[in-house]
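Novice: Have a look at this prediction, sequence included:
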Amino acid sequence: MALETWLVKVKKTISAPTTKLVSKKPALGVLAFEIAGLMSKLLHLWQSLSDKNMIRLRHESISLHGVHKIVSNDESFLLSLACAEMVENLRLLAKSVSRISKKCEPTSNLRCFYRLLDEFANTGRDPHHWVMSPKEMEAKVKKMDRYVTVSSTLYREMDELSVLEHNLKKSTPCKENEVSVKQQKMVDLQQKLLWQRQEVKYLKERSLWSRTRFDSITLILARTVFTVLARIKLVFGIGHVHGYPSILPRSLSASATVYPSDHNPNACNFVSGPLVMKSSKLHQDHHNKKVFTHGFFELNSKILKPPSSTLGAAALALHYANLIIVMEKMIRSPQLVGVDARDDLYSMLPSSIRFSLRSRLKGVGFSASDPVLAGEWRDALGKILGWLSPLAHNMIKWQSERSFEQQNLMPKTNVLLLQTLYFANQEKTEAAITELLVGLNYIWRFEREMNAKALFECTNFNGFLNLPNPDKGMNWMTILSYTGCIS
């Protein structure tokens with residue numbers, strides 16, 4: 001009997017289903033959108049470092065007439081600003097990746113990601129070989145681009161699903177005596193909601209949302225950061241005591257893309273070479289000494305600090321950009337500018353420009369009726385705006401892409417700070433703005449006087465305005481004063 005009981009227990013134990021002790025790892029879920037945002041920004045930074053964009057930087061960005069007029073005509077300085085901004089953008093992205101990497105497995109090297117990156121930036125050491133080869137990077141770029149695209153679509157579809165669910169909740173149930181049209185609308189909405197849920201489910205399975213291998217996704221981000229930093233160092237000719245040559249050729253060819261070597265990720269196998277300022281052994285040693293003293297990221301952050309003589313230091317870059325754009329519109333159509341608009345423009349002026357404007361306008365005649373002088377002013381204003389306006393528009397673009405609303409979106413331009421008013425000399429910029437204001441004042445008055453003169457010559461004002469008889473000293477200048485055209 002006891003043997004039978006024991007056999008029954010054994011049989012039950014064997015036939016019982018085995019339970020898995022290993023718990024299923026959670027999916028990325030909503031964190032997928034943040035990771036996709038980081039991927040999109042890394043991809044944008046990587047693309048901005050292509051040979052094509054580096055040539056554009058050399059021959060277009062740092063060669064802008066406005067940059068040379070009010071920022072600097074020192075090519076080495078301008079290239080150092082471009083390099084420092086790219087490094088700073090990468091540092092901010094690396095900080096976000098570092099925060100995510102803290103969620104990786106305790107035994108993972110990813111938890112030390114930022115320390116390893118800082119070491120790589122300062123010395124060129126890459127003990128885990130995270131710098132990718134050309135083929136690896138190309139494959140990862142395609143993979144990340146696919147993740148970004150699907151995640152972006154998922155975000156839109158989830159938003160649409162939320163709207164449909166809200167509309168369904170707002171819909172009141174149909175009563176028996178109500179028309180069938182409302183019933184049909186309710187059925188259509190429920191069907192559309194069902195389809196939308198299926199679409200969202202499908203996209204979640206294809207995107208990062210359902211991925212459970214958190215460490216592998218984070219590793220893609222980490223290795224991309226390392227590879228982008230290696231690319232920055234290569235194209236700008238930043239050498240190391242270890243890992244990088246101290247002096248690299250200056251020329252850059254669009255036909256030969258530069259990547260870290262296939263065989264040794266820490267060494268640079270270049271064909272086209274960096275697009276950088278001329279460097280000497282002494283200069284390179286001085287740079288290496290600075291890196292070891294301050295740290296690579298810290299050194300580049302200091303380079304981006306605007307000097308005290310610039311608009312960036314005075315916190316006026318964005319304000320002056322808006323001011324220049326307003327003046328640009330007025331100069332194009334001075335005949336459409338009213339007195340109120342002129343007063344609004346004056347209220348935008350800081351005290352320094354108001355003072356210089358008053359000094360320039362002293363002794364200016366009451367009349368502005370010389371068409372030759374008006375034409376000369378138009379030409380002069382056009383030339384000033386030709387080099388000043390692009391920097392103002394770039395300032396608006398640069399700022400808008402970094403606004404809170406745009407932080408999770410992929411940048412649409414490659415505008416750099418050196419192409420804006422941020423590093424512009426304050427005194428030179430204010431002198432240019434004052435010149436624009438003086439010229440605008442003349443052509444504005446000229447347009448109004450010419451309009452009043454034409455109005456006087458073509459219209460009989462006797463009786464209409466109840467003004468003095470023209471035969472008794474009435475002229476078009478008098479009409480201007482009566483009609484408020486001049487003040």
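Specialist: Structure received.

Novice: And Val372, what's its pLDDT?
Specialist: Val372 is assigned 88 on the pLDDT scale.

Novice: what's the distance between it and Arg378?
Specialist: The spacing between Val372 and Arg378, counted by Cβ to Cβ, to the nearest Å, is 11 Å. Using the backbone N, CA and C atoms, a C-beta is placed for each residue, glycine as well.

Novice: and what of Val337?
Specialist: Between Val337 and Arg378 the distance is 14 Å, computed by Cβ to Cβ.

Novice: hang on, the earlier thing: which residue of Val372 and Arg378 possesses the greater neighbour count?
Specialist: In terms of neighbours (other Cβ atoms under 10 Å), Arg378 is the more surrounded of Val372 and Arg378; the figures are 16 against 7.

Novice: Now the more buried one: closest residue in space, sequence neighbours ignored.
Specialist: Excluding its sequence neighbours, the residue lying closest to Arg378 (Cβ to Cβ, 6 or more residues apart in numbering) is Ile443, at 6.1 Å.

Novice: helices or strands up against the helix or strand encompassing that neighbour?
Specialist: Here Ile443, judged by DSSP states H and E, is contained in helix 426-458. For helix 426-458, the elements it packs on are helix 65-70, helix 317-332, helix 351-361, helix 371-401, helix 476-483, judged by 3 or more Cβ pairs under 8 Å, 6 or more residues apart in numbering; DSSP states H and E.

Novice: Try it again at 10 Å.
Specialist: Counting contacts by 3 or more Cβ pairs under 10 Å, 6 or more residues apart in numbering; DSSP states H and E, helix 426-458 is packed against helix 65-70, helix 317-332, helix 339-347, helix 351-361, helix 371-401, helix 476-483.

Novice: Pull out the buried positions in that helix.
Specialist: For helix 426-458, a neighbour-count test (16 or more other Cβ atoms under 10 Å) marks 426, 429-430, 432-450, 452-453, 456 as buried.

Novice: so where's the stretch 1-150 of the chain shaky on pLDDT?
Specialist: Where the stretch 1-150 of the chain drops to pLDDT under 70, the residues are 1-24.

Novice: and if you look at the stretch 151-300 of the chain?
Specialist: 172-182, 239-293.

Novice: Which stretches in it count as strands?
Specialist: 259-260, 268-269 (DSSP state E, counting those that start in this stretch).

Novice: same question, the stretch 1-150 of the chain
Specialist: So, for the stretch 1-150 of the chain - with DSSP E, counting those that start in this stretch - there are no strands.

Novice: Please enumerate the helices of it.
Specialist: 2-15, 31-48, 51-56, 65-70, 75-101, 113-123, 134-170 (DSSP state H, counting those that start in this stretch).

Novice: Map the structural domains onto the sequence of the chain.
Specialist: Structurally, the chain divides into domains by automatic domain parsing as follows: 31-157+213-303, 317-483.

Novice: Tabulate those domains (a markdown table), appending distance to Thr310.
Specialist: Converted to a markdown table, those look like this (distance: least, Cβ to Cβ, whole Å):
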| stretch | distance to Thr310 |
| --- | --- |
| domain 31-157+213-303 | 8 |
| domain 317-483 | 5 |
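
Novice: Out of the ones you listed, which is the most enclosed?
Specialist: Most buried of these by mean neighbour count (mean count of other Cβ atoms under 10 Å) is domain 31-157+213-303; its value is a mean of 18.

Novice: that older thread, reformat the helices of the stretch 1-150 of the chain as TSV; add distance to Glu401.
Specialist: What follows is the helices of the stretch 1-150 of the chain, written out as TSV (distance: least, Cβ to Cβ, whole Å):
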stretch	distance to Glu401
helix 2-15	64
helix 31-48	10
helix 51-56	16
helix 65-70	19
helix 75-101	11
helix 113-123	24
helix 134-170	17
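
Novice: Which one, of those, ends up nearest to Ala321?
Specialist: Of all those, it is helix 65-70 that lies closest to Ala321, at 11.9 Å by Cβ to Cβ.

Novice: Pull the closest one out as CSV, backbone CA atoms only.
Specialist: Coordinates of each C-alpha in helix 65-70 appear next as CSV, following Å, rounded to 0.1, in the frame of the first residue of the first chain:
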residue,chain,number,x,y,z
HIS,A,65,31.0,87.2,-46.1
GLY,A,66,29.2,88.1,-42.9
VAL,A,67,31.2,85.7,-40.8
HIS,A,68,34.4,87.4,-42.0
LYS,A,69,33.0,90.8,-41.5
ILE,A,70,31.8,90.6,-37.9
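
Novice: That helix packs against which elements?
Specialist: Using 3+ Cβ pairs under 10 Å, 6+ apart, helix 65-70 sits against helix 75-101, helix 371-401, helix 426-458.

Novice: quick one, what contacts the residue lying closest to Lys204 once chain neighbours are set aside?
Specialist: If the residues on either side of it in the chain are set aside, Lys204 comes closest to Ser210, at 5.4 Å by Cβ to Cβ, 6+ apart. Ser210 sits next to 27-29, 32, 201, 203-204 when contact means Cβ atoms under 10 Å, 6 or more residues apart in numbering.

Novice: same thing with Trp209?
Specialist: 27-33, 36, 150-151, 154, 158, 200-201, 203.

Novice: ok, of the residues you listed, which one's closest to Ile100?
Specialist: Leu31 (7.8 Å).

Novice: ok, now which ones touch the closest one?
Specialist: Leu31 touches 100, 103, 208-209, 211, 214, 217, counting by Cβ under 10 Å, 6+ apart.

Novice: Make a markdown table from the residues you listed and add distance to Met54 to it.
Specialist: Formatted as a markdown table, those follow (distance: Cβ to Cβ, whole Å):
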| residue | distance to Met54 |
| --- | --- |
| Ile100 | 30 |
| Lys103 | 36 |
| Leu208 | 31 |
| Trp209 | 36 |
| Arg211 | 34 |
| Phe214 | 35 |
| Ile217 | 30 |
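
Novice: So which of those is the closest to His166?
Specialist: For the contacts of Leu31, the nearest to His166 is Trp209 (21.5 Å; Cβ to Cβ).

Novice: rewinding a little: could you dump the helices and strands packed on helix 426-458 into CSV with distance to Gly295 added?
Specialist: As requested, the helices and strands packed on helix 426-458 are exported to CSV (distance: least, Cβ to Cβ, whole Å):
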stretch, distance to Gly295
helix 65-70, 29
helix 317-332, 27
helix 339-347, 45
helix 351-361, 38
helix 371-401, 26
helix 476-483, 66
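
Novice: Nearest approach to Ala230 belongs to which of the ones you listed?
Specialist: Of the helices and strands packed on helix 426-458, nearest to Ala230 by Cβ to Cβ is helix 371-401, at 25.2 Å.

Novice: Tell me what angle that closest one forms with helix 317-332.
Specialist: Comparing the axes of helix 371-401 and helix 317-332 via axes from the mean of the first three to the mean of the last three Cα atoms, to 10 degrees yields an angle of 140 degrees.

Novice: What is helix 371-401 packed up against?
Specialist: On the basis of 3+ Cβ pairs under 10 Å, 6+ apart, helix 371-401 makes packing contacts with helix 65-70, helix 317-332, helix 426-458.

Novice: Tell me who's in contact with Asn394.
Specialist: By Cβ under 10 Å, 6+ apart, the neighbours of Asn394 are 61, 64, 66-67, 321, 413, 415-422.

Novice: Which pLDDT value goes with it?
Specialist: Asn394 carries a pLDDT value of 96.

Novice: Also the one 4 residues further on?
Specialist: For Trp398, the pLDDT comes out at 93.

Novice: what's near enough to touch it?
Specialist: 85, 317-318, 321, 411, 413, 415-417, 419-422.

Novice: so how far is Leu418 from it?
Specialist: According to Cβ to Cβ, Trp398 and Leu418 sit 10 Å apart.
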